[in-house]
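**Student:** Below are the sequence and a predicted model; questions follow.
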Amino acid sequence: MKIAVIGAGVIGVTTALELASHGHDVVVFEKGSGIAQQASFATAGFMGPAMMQSWTAPGIPFKTLRKVLFGSDTHAFHGLSNLPFSWFWQWQKASNHPSYKLKLEALQRLAFYSQEVMTGITEQYGLQYENSQGCLLICRQEKDLKNYQLQLDLMAENGIIFKKIDPIETRKLEPALSEDQTFHSAVMFPNDAIANCRQFSLLAKQQAHLLGTEFRTSQEVLPLMPEAPQVIRTVSGTSEKYDHVVVCAGIHSNALVKNLGITVPSLAVHGYTLSSSVRQLIDTPVFGVMDARHHVSIARTGQRIRVSGIAEIGRNKKAPEECVSLLYKVLNDWFPGAAKTHESVQVWRGTRDVLTDGVPILGHSGIKGVWLNTGHGNHGWANSCGSARAIADMVSGRECEVDLKGLGIERF
Ligand SMILES: Cc1cc2nc3c(=O)[nH]c(=O)nc-3n(C[C@H](O)[C@H](O)[C@H](O)COP(=O)(O)OP(=O)(O)OC[C@H]3O[C@@H](n4cnc5c(N)ncnc54)[C@H](O)[C@@H]3O)c2cc1C
């Protein structure tokens, strides 16, 4: 079949690869000049079921509201007063305990499956990209660990392996941790991993191309039309009909499908990543490290240190340096000698497409020939390969290998 994929972030590229390996004729439309240049550009790199940290969790919306009302915007959250009320309300409704549990389980299932599919793809095509095994959650104080307890309980129920460790054991595993920094404990997740999302996307693109996929960059697709939803019209004036269209346009997906009567209620939540060269290998983290208090991660991918975090909603009047000061602080707290921050540091601001219930939309849109693989929020890299395989199976009329309960558009 002739299939159009809209968007060449990690989601669109992996979807194209899967569809092409199912034997379809695939064309990818990307409005930018290259692959993985938007949300997929400089992710923190965390992958695996343990790091599925949804903001749609009991207590989080009201904690956020308190920050807005009483002006206690912490470093980690900016611009919260821009939070649209309707979005906030839906978010609050989805953040009750039973719903949180179901959604987290759905995310974890997808993440497990994605790991499996990614391992298969890596072996099948002999891909080599920067990756490392194991993630560590560091808790500065006991209350940081307590804040994660519900999540850890659900992980234990769902068979995710982790181990709580004290500072002495943590330092044995992570010898470069600053001696000056005291902390309460850490949680080790041996099966989660760090890998370079953009590098993987470029390699996946190459493979998809070898399987016949055509990548049309600098081609912006116009909103799909109800009278001909499978027709792709571009700003440059082309128009072509496909058997199926898969929308993988990240934060722009809603604009593409809204004329079809479909709503993708995503909110743009910006985040920042600092990328800097390694100063001394011996001073860098062995694992992907997450600071549980500030929700800021530090990881080494190849010769680069990446520090990533912050949730920013709407326009921010602060200068980028001020926004990222928390990232520098966390890096200096834990691994002061790891990066050449006195030399050039790349500061990247990326946009997560976050849905009110914190899980993506995966499946048929309800309109003939139109499919959705979008709304991946914080976890698009981790869930890319599994989501792509699932969509390709559905489009090809095959049975999905993963249970996608709770991930359909009909929930909105
Ligand atoms: C700071 C930060 C850190 C993160 N860390 C992690 C992490 O550690 N682990 C993890 O799993 N996830 C992480 N994420 C989330 C992850 O980056 C996203 O979930 C993922 O990249 C989404 O991929 P995507 O392909 O859906 O979107 P994108 O990469 O944004 O791709 C969408 C593409 O669609 C194109 N497009 C849009 N509209 C059109 C149109 N009309 N016509 C043609 N093309 C169009 C865009 O140009 C874009 O290239 C992080 C995000 C941020 C911001």
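**Tutor:** Ah, there it is. Just so it is clear, the structure is predicted and the values come from calculations on it, not from any experiment.
**Student:** Within range of the ligand, give me the residues from the stretch 1-150 of the chain.
**Tutor:** 6-12, 29-32, 36-40, 43-46 (CB under 6 Å from any ligand atom). In this view, the C-beta of every residue, glycine as well, is placed from N, C-alpha and C.
**Student:** Could I have the buried ones of these as PyMOL selection syntax?
**Tutor:** Of those, the buried ones can be selected in PyMOL as follows, counting by 16 or more other CB atoms under 10 Å:
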select buried, resi 6+7+8+9+10+11+12+29+30+31+36+37+38+39+40+43+44+45+46
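**Student:** Among the residues of the stretch 1-150 of the chain next to the ligand, which are located in strands?
**Tutor:** Ile6, Phe29, Phe46 (DSSP state E).
**Student:** export these to TSV and tack on pLDDT?
**Tutor:** Compiled in TSV, those are given as follows (pLDDT from 0 to 100):
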residue	pLDDT
Ile6	99
Phe29	98
Phe46	96
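**Student:** In this protein, what helix or strand scores lowest on average pLDDT?
**Tutor:** strand 77-78 (a mean of 67; mean pLDDT, DSSP states H and E).
**Student:** Now do stretch 117-130: distance to the chain's middle.
**Tutor:** 19 Å (CA atoms, centre = their mean, to the nearest Å).
**Student:** Then stretch 190-201?
**Tutor:** On CA atoms, centre = their mean, the centre of stretch 190-201 falls 11 Å from the chain's centre.
**Student:** that older thread, out of the ones in strands among the residues of the stretch 1-150 of the chain next to the ligand, which is nearest to Trp91?
**Tutor:** Distance to Trp91 across these (CB to CB) is lowest for Phe46, with 22.4 Å.
**Student:** need the contact list for the closest one.
**Tutor:** Cys135, Asp192, Ala193, Ile194, Gly288, Met290, Ser297, Ala299, Trp381, Ala382 (CB atoms under 8 Å, 6 or more residues apart in numbering).
**Student:** Please produce JSON lines containing the residues you listed, extended by distance to Val307, secondary structure and pLDDT.
**Tutor:** Converted to JSON lines, these look like this (distance: CB to CB, whole Å; DSSP: H, G, I helix; E, B strand; the rest coil; pLDDT from 0 to 100):
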{"residue": "Cys135", "distance to Val307": "15", "secondary structure": "strand", "pLDDT": "97"}
{"residue": "Asp192", "distance to Val307": "18", "secondary structure": "strand", "pLDDT": "95"}
{"residue": "Ala193", "distance to Val307": "18", "secondary structure": "strand", "pLDDT": "96"}
{"residue": "Ile194", "distance to Val307": "13", "secondary structure": "strand", "pLDDT": "97"}
{"residue": "Gly288", "distance to Val307": "11", "secondary structure": "strand", "pLDDT": "97"}
{"residue": "Met290", "distance to Val307": "11", "secondary structure": "strand", "pLDDT": "96"}
{"residue": "Ser297", "distance to Val307": "7", "secondary structure": "strand", "pLDDT": "97"}
{"residue": "Ala299", "distance to Val307": "8", "secondary structure": "strand", "pLDDT": "98"}
{"residue": "Trp381", "distance to Val307": "16", "secondary structure": "coil", "pLDDT": "98"}
{"residue": "Ala382", "distance to Val307": "18", "secondary structure": "coil", "pLDDT": "97"}
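**Student:** Distance to Cys323 added to those residues, as TSV?
**Tutor:** TSV is the format used below for the contacts of Phe46 (distance: CB to CB, whole Å):
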residue	distance to Cys323
Cys135	24
Asp192	27
Ala193	28
Ile194	23
Gly288	22
Met290	19
Ser297	16
Ala299	20
Trp381	22
Ala382	24
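**Student:** Among those, which pair sits farthest apart?
**Tutor:** Taking CB to CB as the measure, the contacts of Phe46 have their most distant pair in Met290 and Trp381, spaced 14.8 Å apart.
**Student:** what ranges of the stretch 1-150 of the chain fall below the confidence cut-off?
**Tutor:** 67-81 (pLDDT under 70).
**Student:** residue of it with the smallest distance to the ligand?
**Tutor:** For the stretch 1-150 of the chain, the residue closest to the ligand is Gly9, as judged by CB to the nearest ligand atom, at 2.1 Å.
**Student:** Isn't that residue up against Gly34?
**Tutor:** No. Gly9 is not in contact with Gly34 according to CB atoms under 8 Å; the separation is 10.9 Å.
**Student:** just checking, what packs against the longest helix belonging to the chain?
**Tutor:** Across the chain, the longest stretch assigned as helix under DSSP state H is helix 97-125. Judged by 3 or more CB pairs under 8 Å, 6 or more residues apart in numbering; DSSP states H and E, helix 97-125 is in contact with strand 46-47, helix 149-157, helix 197-210, helix 384-395.
**Student:** after the longest one, next one along is what?
**Tutor:** In this case it means helix 197-210. Per DSSP states H and E, helix 197-210 leads on to strand 214-216 as the next helix or strand towards the C-terminus.
**Student:** following the least confident helix or strand of the chain, which helix or strand comes up?
**Tutor:** helix 85-94.
**Student:** Quick check, the residue in the stretch 51-200 of the chain closest to the ligand?
**Tutor:** Proximity of the stretch 51-200 of the chain to the ligand (CB to the nearest ligand atom) peaks at Cys197, 6.4 Å away.
**Student:** and that residue, what does it touch?
**Tutor:** Contacts of Cys197 by CB under 8 Å, 6+ apart are Val10, Ala36, Ser40, Phe41, Thr43, Gly45, Trp381, Ser384.
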